[in-house]
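In: Next come a sequence and a model predicted from it.
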Amino acid sequence: MTKTTLNIDGMMCSMCESHINDTIRHSFKIKKVASSHTKGTTQIISESPLDETALREAIGKTGYKVLEIKTAPYEKQRFSLFGRK
């Protein structure tokens, strides 16, 4: 699994977040997406890395600008009543 974090310029409200999230859901095969207009970020969880050029293009068509893309391995956190070992 891969976690992709985008820094996006232009998000001003929760409707902007929804617009970005819907664009990503319809353009890519992903597991989860969440955006924050206050932080100017979008986080995406996917099975494999996403095409950065295609990400920039899809979001650019909506009127927002991707400033930075960071990709890292993602491992789902497990819940434990006893803490980590």
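Out: Yep, it's here.

In: contacts for stretch 35-46?
Out: 1-9, 11-14, 16-18, 20-21, 24, 28-34, 50, 67, 74 (CB atoms under 8 Å, 6 or more residues apart in numbering). Where C-beta positions appear, they are placed from N, C-alpha and C, glycine not excepted.

In: and what of stretch 55-69?
Out: With CB under 8 Å, 6+ apart, stretch 55-69 has contacts from 4-11, 16, 19-20, 23-24, 27-28, 40, 52.

In: Residue ranges in the chain under the pLDDT threshold?
Out: The model of the chain has pLDDT under 70 over residues 79-85.

In: Now for it: which helix has the highest residue count?
Out: Longest helix in the chain, counting residues (DSSP state H): helix 14-27.

In: ok, Leu50 touching Thr4?
Out: Yes - with contact defined as CB atoms under 8 Å, Leu50 reaches Thr4; the gap is 5.6 Å.

In: what's the overlap in contacts for those two?
Out: Common neighbours of Leu50 and Thr4, counting by CB under 8 Å, 6+ apart, are 44, 71.

In: Which of the three states applies to Lys29?
Out: When classified by DSSP: H, G, I helix; E, B strand; the rest coil, Lys29 comes out as coil.

In: That one and Met15, how far apart?
Out: To Met15, Lys29 is 25 Å away according to CB to CB, to the nearest Å.

In: which parts of the longest helix of the chain are buried?
Out: By neighbour count on 16 or more other CB atoms under 10 Å, the buried set for helix 14-27 is 16-17, 19-21, 23-24, 27.

In: cool, and stretch 28-48?
Out: If you call a residue buried by 16+ other CB under 10 Å, then stretch 28-48 has these buried ones: 28, 30, 33, 35, 37, 40-44, 46.

In: Can you list the residue ranges for strands in this structure?
Out: Ranges of strands in the chain, per DSSP state E, are 2-9, 32-36, 41-46, 65-73.

In: could you dump the ones you listed to TSV with distance to Ile59?
Out: Below are the strands of the chain laid out as TSV (distance: least, CB to CB, whole Å):
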stretch	distance to Ile59
strand 2-9	7
strand 32-36	10
strand 41-46	8
strand 65-73	5
